[in-house]
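# Below: sequence and its predicted model.
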Amino acid sequence: MVEQEGFRRYVAHIILWIGIAIVAFPVYVAFVASTQDNALIANGQMSLLPGGHFFEVYYQTIFVGTSGSTREPVGNMMFNSLVMALAIAIGKIAISIISAYAIVYFRFPFRMAIFWIIFITLMLPVEVRIYPTYKIVADLHMLDSYAGLALPLIASATATLLFRQFFMTVPDELLEASRIDGAGPLRFFWDTLLPLSRTNMAALFVILFILGWNQYLWPLLITTRDDMQTIQIGIRKMMTTNDALTEWPIVMATAVLAMLPPVFVVVAMQKLFVRGLVETEK
Amino acid sequence: MANVTLRNVRKTYSGGFEAIKGVNVDVGDGQFCVLVGPSGCGKSTLLRMVAGLETVTGGEIDIGGKVVNGIEPADRDIAMVFQNYALYPHMSVFNNMAYGLRNRGMPEAEIKTRVEEAARVLELSAMLERKPRQLSGGQRQRVAMGRAIVRQPKVFLFDEPLSNLDAKLRISMRVEIRKLQRRLNVTSIYVTHDQLEAMTLADILVVMNGGQVEQVGNPLAIYEKPATTFVASFIGAPPMNLMSTRQDEIKSQLGGAAGEAGILGIRPEDLVITDQTPSGGVALSLTVDAIERVGAETFVYGSRAQDEQRVAATPGELPPGEVIVRIPGTEAPAIGARIRVAAVRNKLHLFSGDGRTRIEV
């Protein structure tokens, strides 16, 4: 049996390695392409080993941008994306934890009706209500602004539901003990509920940050100025050139750069993230 | 220091369910009052009403001469120990105890003194920096007690604080709680469904059933003179044997004086295996069905010869006609043997036919 287990483990590992290779290869190619000379790529003579233009390509990408299509430094695009992703993630968490608190811990008229309305918005993502949302944002003069990028995406039924479920697992006695200890509603929220929700918030932050970072359709509609565009839009625009050669090394470098912040967030918060998904702290 | 007085307290839920049907209890200053009853009898609800966690829909709750019906829990000057302890999981032991004091704006130096004093009394001094999840059940229990003590409240409220502990720890914590309460001399109300806990802790015992008080009094007085068949069978283990006096055998032994149709109760410990019938007492013939030896004593389960009604009593009910006899030591009759047991007259309890009234024999 021992041999067989060893054998099985080899098979499992081989399959996993194949899977990793399939996923990682395009990323590797993108990285390699970002270090090559553009002419080489255009000729179809790209080598599978990194070339010698790493520093020069990345310097140009981050601080200068393409010479043809957008001419916007990718550093700036990344900043725009970062602001939007952070605003969406933090905003969503803040709003949904507060609304979940209201729904779980307070008895007010139409509480359940409000809960169901929030629930129903799950079925109306931005893509479905894109025209009215655009109209409102335009009327509020928020086109080409950070507020316009982030605000419409902040209200979140999913996060509200998640916090609601979590709050319902918190024993009532904690609330009662707080009441006897002289903590009002705000104190209870701040001193007890927030610290207990820490891991849930971390898990949500990771998910929401990536969601915000990867937004495409909404920023595409709402931003027209080059200096307001996000990195996802930037990549797309760089590839479209009229008569010049697409500057592939820069496009690829941008793609690699676009992957870094989500990876960083996941790695940095992995511990909390996994705990938030698995652990049920009482 | 305070009295707690409940005057005709009622609780009706919005659905119309009446959980508490008019309760009157008077707990004197420094007394230890235990509310005992089967689950669903309303004892926890009543305690939570005293704490202010449940609204009072009728009557008055008076703590230290002040009606507290509309007052927030934090302002009633009470402290409560919960069944699941309800410690703040993210706070250290020290902060758990200090939280209530900080919320009251007490200076940090004073908080430190009080918490350290409580920790010393409860032997928690070495654990002040730990989180609740790093503590054992008994230690958590003591932290919960500590949180109540540091407040120096007028009244302690305990909601089944020992039911999550194992049997051994429960007994030692029971003694601890009693000692602590004696020393601090703080009025306490304690809820439990364990009649042994109730008997050993209480100065005043309140036996509840179905949202009503069945009997209030000194535990031993209640044991000796239960007011209803419910109290008779709830207080004391194993439960009191109850049988209908309609049955001719008993009726003839008691004579007509004790009432026509009634319920006779005899505690298992008051029955003796003997062939004689004490004058004025009662003798029964039993067939032995089962024997339980617990060491110091033995329980004999027998069924009455003409096994008829053993009258219905709610908790711990025995099958009709079954009688438990408690005898010292391990000597016991064989299973299947026929024995005669008897009880003397002043150990008999007689109740009216509905079990609601005690009749003095």
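It's in.
# can you give me the strands for the stretch 251-361 of chain B?
B:262-266, B:272-273, B:282-293, B:297-304, B:322-328, B:338-343, B:349-352, B:358-359 (DSSP state E, counting those that start in this stretch).
# how far off strand B:282-293 does the fifth one point, in degrees?
Computed with axes from the mean of the first three to the mean of the last three Cα atoms, to 10 degrees, the direction of strand B:322-328 lies at 70 degrees from that of strand B:282-293.
# Pairing partners for strand B:322-328, with directions?
strand B:297-304 (antiparallel) (DSSP bridges).
# cool, and the third one?
Strand B:282-293 has its sheet partners listed here by DSSP bridges as strand B:297-304 (antiparallel), strand B:338-343 (antiparallel).
# Throw the ones you listed into CSV and include mean neighbour count, thanks.
The way it works is simple: take the backbone N, C-alpha and C, and place the C-beta from them, glycine included. Formatted as CSV, the strands paired with strand B:282-293 follow (neighbours: other Cβ atoms under 10 Å in any protein chain shown):
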stretch, mean neighbour count
strand B:297-304, 20
strand B:338-343, 19
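# Throw the strands of the stretch 251-361 of chain B into JSON lines and include distance to A:Thr121 and mean pLDDT, thanks.
Formatted as JSON lines, these follow (distance: least, Cβ to Cβ, whole Å; pLDDT from 0 to 100):
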{"stretch": "strand B:262-266", "distance to A:Thr121": "64", "mean pLDDT": "83"}
{"stretch": "strand B:272-273", "distance to A:Thr121": "76", "mean pLDDT": "88"}
{"stretch": "strand B:282-293", "distance to A:Thr121": "63", "mean pLDDT": "86"}
{"stretch": "strand B:297-304", "distance to A:Thr121": "65", "mean pLDDT": "88"}
{"stretch": "strand B:322-328", "distance to A:Thr121": "63", "mean pLDDT": "89"}
{"stretch": "strand B:338-343", "distance to A:Thr121": "73", "mean pLDDT": "87"}
{"stretch": "strand B:349-352", "distance to A:Thr121": "64", "mean pLDDT": "84"}
{"stretch": "strand B:358-359", "distance to A:Thr121": "65", "mean pLDDT": "83"}
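# follow-up on the earlier one: turn the strands paired with strand B:282-293 into a markdown table, columns for distance to B:Lys179.
A markdown table is the format used below for those (distance: least, Cβ to Cβ, whole Å):
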| stretch | distance to B:Lys179 |
| --- | --- |
| strand B:297-304 | 28 |
| strand B:338-343 | 37 |
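# got the contact list for B:Leu196?
Applying Cβ atoms under 8 Å, 6 or more residues apart in numbering or on different chains, we find B:Leu196 in contact with B:Ala237.
# That one sits in which helix or strand?
Applying DSSP states H and E as the criterion places B:Leu196 in helix B:195-201.
# Flag every buried residue along that helix.
Neighbour-count burial for helix B:195-201, counted by 16 or more other Cβ atoms under 10 Å in any protein chain shown, picks out B:Gln195, B:Glu197, B:Ala198, B:Met199, B:Leu201.
# what's the most distant pair in those?
Farthest-apart pair in these is B:Gln195 and B:Leu201; separation 10.9 Å (Cβ to Cβ).
# any idea which helix or strand comes after the helix holding B:Leu196?
Downstream of helix B:195-201 (by DSSP H and E), the next one is strand B:204-209.
# Now do that following strand: distance to the chain's middle.
Counting by Cα atoms, centre = their mean, to the nearest Å, strand B:204-209 is centred 7 Å from the centre of its parent chain.
# Would you mind writing the CA trace of it as PDB?
Taking C-alpha atoms only, strand B:204-209 is exported to PDB below (Å, rounded to 0.1, in the frame of the first residue of the first chain):
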ATOM      1  CA  ILE B 204     -34.400  31.600  49.600                       C
ATOM      2  CA  LEU B 205     -35.600  29.100  47.100                       C
ATOM      3  CA  VAL B 206     -38.200  30.000  44.500                       C
ATOM      4  CA  VAL B 207     -39.600  26.900  42.700                       C
ATOM      5  CA  MET B 208     -41.200  27.900  39.400                       C
ATOM      6  CA  ASN B 209     -43.400  26.100  37.000                       C
END
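# B:Ala290 versus the nearest residue to B:Ile327 once chain neighbours are set aside, what's the distance?
In this structure, B:Ile327 finds its nearest non-sequential neighbour in B:Thr298, 5.3 Å apart by Cβ to Cβ, 6 or more residues apart in numbering or on different chains. Note on B:Thr298: its distance to B:Ala290, by Cβ to Cβ, to the nearest Å, is 11 Å.
# Check B:Asn8 too.
Using Cβ to Cβ, we find B:Asn8 at a distance of 46 Å from B:Ala290.
# And for A:Ile114?
Separation of A:Ile114 from B:Ala290 (Cβ to Cβ): 60 Å.
# Kindly report the same for B:Gly336.
B:Gly336 sits 10 Å away from B:Ala290, going by Cβ to Cβ.
# Just want to know which of these two has more residues nearby.
Set B:Gly336 next to B:Ala290 and count neighbours by other Cβ atoms under 10 Å in any protein chain shown: B:Ala290 wins out with 12 against 8.
# Nearest residue to that one in space, please, no chain neighbours.
Nearest to B:Ala290 is B:Tyr301, by Cβ to Cβ, 6+ apart, at 4.2 Å.
# Who is that neighbour paired with across the strands?
Per DSSP bridges, the residues bridged to B:Tyr301 are B:Ala290, B:Ile324.
# returning to that earlier point: would you turn the strands of the stretch 251-361 of chain B into a markdown table with distance to A:Phe7?
Listed next are the strands of the stretch 251-361 of chain B as a markdown table, based on distance: least, Cβ to Cβ, whole Å:
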| stretch | distance to A:Phe7 |
| --- | --- |
| strand B:262-266 | 74 |
| strand B:272-273 | 73 |
| strand B:282-293 | 58 |
| strand B:297-304 | 62 |
| strand B:322-328 | 65 |
| strand B:338-343 | 72 |
| strand B:349-352 | 77 |
| strand B:358-359 | 80 |
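# Counting neighbours, what do you get for the closest residue to B:Val68 other than its chain neighbours?
Nearest non-adjacent residue to B:Val68, counting by Cβ to Cβ, 6+ apart: B:Arg76, 5.1 Å away. Neighbour count for B:Arg76, taken as other Cβ under 10 Å: 22.
# Kindly report the same for B:Gly65.
Each residue near B:Gly65 was counted by other Cβ under 10 Å, and the total is 8.
# How much space separates it from chain A?
According to Cβ to the nearest Cβ, to the nearest Å, B:Gly65 stands 21 Å off from chain A.
# now swap in B:Gly236 and tell me
As judged by Cβ to the nearest Cβ, B:Gly236 and chain A stand 32 Å apart.
# Now for that residue: which residues touch it?
B:Gly236 is in contact with B:Gln195, B:Tyr223, B:Arg267, counting by Cβ under 8 Å, 6+ apart.
# Quick check: phi and psi at it.
Backbone geometry at B:Gly236, expressed as degrees, to the nearest 10, gives phi 110, psi 140.
# pLDDT wise, what is it at?
pLDDT, B:Gly236: 87.
# A:Ala94 too?
94.
# I figured the residue nearest to B:Ala290 was touching B:Arg326, is that so?
No - counting by Cβ atoms under 8 Å, B:Tyr301 sits too far from B:Arg326 to count as a contact (10.7 Å).
# Assign B:Asn164 to one of the three secondary structure states.
The three-state label given to B:Asn164 by DSSP: H, G, I helix; E, B strand; the rest coil is coil.
# Give me the neighbour count for it.
B:Asn164: 16 surrounding residues under other Cβ under 10 Å.
# same deal with B:Leu286?
When neighbours are defined as other Cβ under 10 Å, B:Leu286 has 25 of them.
# what do you get for B:Asn218?
12.
# Would you mind naming what in chain A lies close to chain B?
Contacts of chain A with chain B, taken as Cβ under 8 Å from any Cβ of the partner chain, map to A:171, A:173-174, A:176-177, A:179-183, A:187, A:191-192, A:195-196, A:198, A:281-282.
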